[in-house]
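Chemist: Sequence and computational prediction follow.
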Amino acid sequence: MTNRRKLTLAVAASALLIGGATACGTERTTPVGAGAQAPAKAAGAAGGYGDGGYGDGGYGSAGGGDGAGAGTASGPLAVRQDAKLGTLVADSAGFTLYRFDKDTASPSRSNCAGACATAWPPVPAGTTLPGAVPKAAVGSVDRADGTKQLTIGGWPVYRFAKDTAPGQTNGQGVGGTWFAVTPEGKKAGQAGAGQGGAGAGGAAALPALSTVEDQGLGAILRDGKGRTLYRFTKDTAWPMKSNCQGACLEKWKPAKPVDVNDVKGVDPKLLSVYTRSDGAKQLAIDCWPLYWFTGDTAPGQVNGQGVGGTWFAVTPQGKLAK
């Protein structure tokens, strides 16, 4: 009787394992095509991998934008509460304003010119009014080209060309030198930078996998560090297979598997684990492998969206967010 029971359990367990292994088709666990050409290191967006666009000494690139139309709206400044960064300053049209660590506040001086000023258009003084920002904190600095730039707390302030809609904060943390600015001229999102900020030690722990509402994309997936998760359209779901190898993995990191008990806003039945060619385990949703992007330097950023026309944030159902 005992042996029969063991045999029954073994058969049942085998059926479960087979079901799990075949739910997304046959997984490929060997290197892609022996002798197949590996992605060139300089493949960049042409190969669909994207290069992040931030290898420029900390200035940050516009990510394909040329800065056209990214000038600051005339009128009074606004102060708003961002869910992740806390209190920050926006222009009269609602676009986030930033400060640059390579500038100086005492004396005020801008070190962003040329290509940098294309990606980060300086906020003009004169047509921009203090509005909700304390008048004592607002000033101006003379730029090398003879124009006057607005300062807050002595720091020259800028727009980011890749913020294409009001409320976006895609410039936060770019190059480790760009940060949204508070009404006092401090860095938003830092400890002590204002009420409601997610400063060090001040943010509540996130589930290992959850959703967040992005202003432009709707509900998208994020990991336990608040990083946006992405899908690669060159991967396949049936059979489940990752085609991000070699140089691609320098920019796009496989998401780690999660405990289904530490998931919020996602049906655990959609989740599975993909075994990569090197034996590493990768989280997948609806049979699609998931990744995070090294070009996202702060929680909530979606700098990987649309890179190379092949990388997209993911909905809670595993679909492409567009």
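Modeler: It's in.
Chemist: In PDB, list the C-alpha atoms belonging to stretch 310-322.
Modeler: These are the backbone C-alpha positions of stretch 310-322, laid out as PDB (Å, rounded to 0.1, in the frame of the first residue of the first chain):
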ATOM      1  CA  THR A 310      11.900  46.400 -29.700                       C
ATOM      2  CA  TRP A 311      11.800  47.100 -26.000                       C
ATOM      3  CA  PHE A 312       8.600  47.900 -24.200                       C
ATOM      4  CA  ALA A 313       7.300  48.200 -20.600                       C
ATOM      5  CA  VAL A 314       4.900  45.400 -19.700                       C
ATOM      6  CA  THR A 315       1.300  45.400 -18.500                       C
ATOM      7  CA  PRO A 316       0.100  43.200 -15.600                       C
ATOM      8  CA  GLN A 317      -1.300  40.800 -18.200                       C
ATOM      9  CA  GLY A 318       2.100  40.500 -19.900                       C
ATOM     10  CA  LYS A 319       1.300  42.600 -22.900                       C
ATOM     11  CA  LEU A 320       3.400  45.400 -24.400                       C
ATOM     12  CA  ALA A 321       2.600  48.800 -22.900                       C
ATOM     13  CA  LYS A 322       2.200  51.400 -25.600                       C
END
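Chemist: Strands of the stretch 101-250 of the chain, start to end?
Modeler: Counting by DSSP state E, counting those that start in this stretch, residue ranges of the strands within the stretch 101-250 of the chain are 104-105, 108-109, 128-129, 138-142, 148-152, 155-156, 178-180, 209-214, 218-223, 229-232, 236-237, 240-241.
Chemist: And for residue 276, the neighbour number?
Modeler: Counted with other Cβ atoms under 10 Å, the neighbours of residue 276 add up to 19. C-beta here means a position set from N, CA and C on the backbone, and glycine is covered the same way.
Chemist: shouldn't it be in contact with residue 242?
Modeler: Yes - counting by Cβ atoms under 8 Å, residue 276 touches residue 242, with 6.1 Å between them.
Chemist: re the thing from before, which of the strands of the stretch 101-250 of the chain comes out lowest on mean pLDDT?
Modeler: By mean pLDDT, the lowest-scoring of these turns out to be strand 128-129, with a mean of 82.
Chemist: got the contact list for that one?
Modeler: 72, 74-77, 91-92, 150 (Cβ atoms under 8 Å, 6 or more residues apart in numbering).
Chemist: Who wins on neighbours among those?
Modeler: Taking other Cβ under 10 Å as the neighbour criterion, residue 150 ranks highest of these with 27 neighbours.
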